[in-house]
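Need a 3D model of the sequence below.
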Amino acid sequence: MRLNINLASRPYEDARRFYMQWLPLVIVLAVIAVTLCTYAYHRYDDSRQIENLLAEKRQQVLQLDKERSEAESILNRPENSGTRDQALFLNALFARKAFSWTNVLADLEKIMPPRVQVVSIKPELNAEGQLQFTLSITSEKRDDAIELVRRMETSPRFREPQMVSEQAKTDTKENKLKVEIVSEYSPAVRKGSS
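From the prediction side, this is the model:
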């Protein structure tokens with residue numbers, strides 16, 4: 001029976017082999033850690049800058065709201081009632097004049113499904129002063145009208161389209177469905193306008 005006994009106080013270790021195997025991995029991990037720390041710091045710095053920018057914009061909005069409420073309080077004085085009424089009338093008139101039939105029809109033409117016909121378009125201002133219109137259409141199937149509403153929802157020009165009424169038209173040979181859709185309209189901003 002043979003026993004291998006090492007009587008040395010420090011047993012032999014092949015340190016060079018250990019370092020040759022693990023040092024490249026440690027260096028790669030260190031590089032990855034430094035890269036991730038740098039990336040995290042830049043993301044943090046970017047988010048801090050965006051937060052500062054948002055705080056400035058919120059402050060500007062608060063200032064503009066304050067100025068608007070002061071202007072409204074001046075307009076609401078009894079001696080300024082004629083000016084206020086005239087301003088409301090002119091603003092409503094300008095908003096109605098801003099409604100471009102050509103743009104609306106071009107936007108509708110892009111999203112109109114087949115077998116759907118536009119009967120009428122009635123523009124008006126809603127309670128918030130936004131331009132909205134009532135679109136009357138006829139269709140052979142209800143699914144075609146629903147498809148139009150879906151397409152309007154995905155369009156950047158039409159906001160919150162809703163079918164408000166539908167009725168079957170029986171005064172013709174064909175079975176047609178008359179549907180009214182109400183939607184806000186946001187015209188495209190022209191280049192060069194601020």
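
Is the residue positioned nearest the centre of the chain part of a helix or strand, or is it coil?
Residue closest to the mean C-alpha point of the chain, counted by C-alpha atoms, centre = their mean, is P156 at 8.7 Å. On the three-state scheme (DSSP: H, G, I helix; E, B strand; the rest coil), P156 is labelled coil.

Check which helices and strands the helix or strand hosting L105 sits against.
Assigned by DSSP states H and E, L105 belongs to helix 101-111. Judged by 3 or more C-beta pairs under 8 Å, 6 or more residues apart in numbering; DSSP states H and E, helix 101-111 is in contact with strand 116-125, helix 142-154. C-beta here means a position set from N, CA and C on the backbone, and glycine is covered the same way.

ok so, going back, leaving out sequence neighbours, find the closest residue to the residue nearest to the centre of the chain.
Leaving aside its sequence neighbours, P156 sits nearest to S186 (C-beta to C-beta, 6 or more residues apart in numbering; 7.1 Å).

quick one: contacts for that neighbour?
Applying C-beta atoms under 8 Å, 6 or more residues apart in numbering to S186 gives the contacts 131, 156-159.

Which one of the residues you listed is nearest to C37?
Among the contacts of S186, P156 lies closest to C37 (C-beta to C-beta), at 40.2 Å.

for this protein, which spans come out with low pLDDT?
For the chain, applying pLDDT under 70 flags the ranges 1, 3, 5-13, 129, 170-175, 188-194.

if I look at T83, how far off is L90?
Going from T83 to L90 by C-beta to C-beta, to the nearest Å gives 10 Å.

For the helix holding L105, list the C-alpha coordinates in PDB.
Only the C-alpha atoms of helix 101-111 are listed here, as PDB (Å, rounded to 0.1, in the frame of the first residue of the first chain):
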ATOM      1  CA  TRP A 101     -64.300  69.900 -47.700                       C
ATOM      2  CA  THR A 102     -61.500  68.800 -50.100                       C
ATOM      3  CA  ASN A 103     -59.300  67.500 -47.300                       C
ATOM      4  CA  VAL A 104     -62.100  65.700 -45.600                       C
ATOM      5  CA  LEU A 105     -63.300  64.000 -48.800                       C
ATOM      6  CA  ALA A 106     -59.700  63.100 -49.700                       C
ATOM      7  CA  ASP A 107     -59.100  61.600 -46.200                       C
ATOM      8  CA  LEU A 108     -62.400  59.700 -46.400                       C
ATOM      9  CA  GLU A 109     -61.500  58.400 -49.900                       C
ATOM     10  CA  LYS A 110     -58.400  56.800 -48.500                       C
ATOM     11  CA  ILE A 111     -60.200  54.800 -45.900                       C
END
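
P161 against Y185, yeah?
No: using C-beta atoms under 8 Å, P161 is not in contact with Y185, being 9.8 Å away.

can you list the domains in this protein?
Following automatic domain parsing, one finds the domains of the chain at 15-76, 100-185.

Switch those over to CSV; also include distance to F94.
Supplementary listing: the domains of the chain in CSV, determined by distance: least, C-beta to C-beta, whole Å:
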stretch, distance to F94
domain 15-76, 17
domain 100-185, 11
